[in-house]
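**Student:** only geometry, no sequence info:
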């Protein structure tokens, strides 16, 4: 089944070039199917690239997915024109009476700040609280995962002595295969983080299961078994050149940054990196959507009566 996105969204052309199945609003209305309604809270600075990255993964499923793009009202990014955001993005005030199968909270370039000093932190808390009775499941990615954990349980993030940057092997937890069906025992994940969530802090809470972990980089993914919230601390959604772009950005701004490890062939920045993680990204989101479809209520408005 295809993914439904705004018909004039610029990302549509890129997705069509990649042969991601798309569906128009008119066609969707003729199908006797309730689509999976997914809300993407896009906190990344390059919003258009992030749209493509997540739409690509959500479109690789036998289920019809309707994607809604969300941004913050209290903070507008400097590198994205307001006309574009006003046309394609919604804010909490505009959708507060709607219900969704899932909310995805992306990463954000604010991880070195204390949570309370992030410009839109108070609004993000409102979104998290609203989602309890308006969203069935949530995915937090990188800083989005850390923010959700901190708001829920005050689980802290810890600063690293140097940035974890590159492609790192992760081992899956063989006892927790529900979302990891089809994964190899070891698989790669791109990482671009200045902070980490430590296992010792997670062990204080019995509801969490670690799904994937790196000997070097720590927890890669985990799940809250009480509500199926999924926490992905790394970036399976990244394109083959995203880490390269970040590396060049940091070099151009004179930051003290090491070359991303296990990324460039022969550690040569002039050689094109290979995307060895995308099959696992597709697989994870296909498994997740399948699980979501089996559990989510047909009438999403029933979420307003959900007790936490």
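**Tutor:** Alright, I've got the coordinates. Because the structure is a prediction, the values reported are computed rather than measured.
**Student:** Give me the distance between residue 75 and residue 85.
**Tutor:** Remark: distance between residue 75 and residue 85 (C-beta to C-beta, to the nearest Å) = 11 Å. In this view, the C-beta of every residue, glycine as well, is placed from N, C-alpha and C.
**Student:** between the two, which one's more packed in?
**Tutor:** residue 85 (19 against 15; other C-beta atoms under 10 Å).
**Student:** Is the more buried one located within a helix, as I assumed?
**Tutor:** Yes - the assignment for residue 85 is a helix, going by DSSP: H, G, I helix; E, B strand; the rest coil.
**Student:** And the closest residue in space to it that isn't next to it in sequence, its phi and psi?
**Tutor:** Residue nearest to residue 85 in three dimensions, not counting chain neighbours: residue 71, with 5.6 Å by C-beta to C-beta, 6 or more residues apart in numbering. Here is the backbone geometry of residue 71 (degrees, to the nearest 10): phi -140, psi 180.
**Student:** now the helix or strand hosting residue 189: mean pLDDT?
**Tutor:** Secondary structure from DSSP states H and E places residue 189 in strand 186-196. Averaging pLDDT along strand 186-196 gives 97.
**Student:** So the residue nearest to residue 85 sits against residue 91, correct?
**Tutor:** Yes - shown here, residue 71 and residue 91 form a contact pair, counting by C-beta atoms under 8 Å, at 6.5 Å.
**Student:** out of the two, which sits in the busier spot?
**Tutor:** residue 71 (21 against 16).
**Student:** thinking again about what came up before, so for the residue nearest to residue 85, what's the pLDDT?
**Tutor:** For residue 71, pLDDT reads 95.
**Student:** pull the longest strand from the chain.
**Tutor:** Secondary structure of the chain per DSSP state E: the longest strand is strand 158-172.
**Student:** related to what we said a few turns ago, so what does the strand holding residue 189 touch, helix or strand wise?
**Tutor:** Helices and strands touching strand 186-196, by 3 or more C-beta pairs under 8 Å, 6 or more residues apart in numbering; DSSP states H and E, are strand 158-172, strand 208-214, strand 218-224, helix 242-252, helix 278-295.
**Student:** just to revisit the earlier point, between residue 75 and residue 85, what contacts are shared?
**Tutor:** Residues touching both residue 75 and residue 85 (C-beta atoms under 8 Å, 6 or more residues apart in numbering): none.
**Student:** separation between the nearest residue to residue 20 once chain neighbours are set aside and residue 15?
**Tutor:** Nearest residue to residue 20, sequence neighbours excluded (C-beta to C-beta, 6+ apart): residue 59, at 4.3 Å. With distances taken as C-beta to C-beta, residue 59 is found 7 Å from residue 15.
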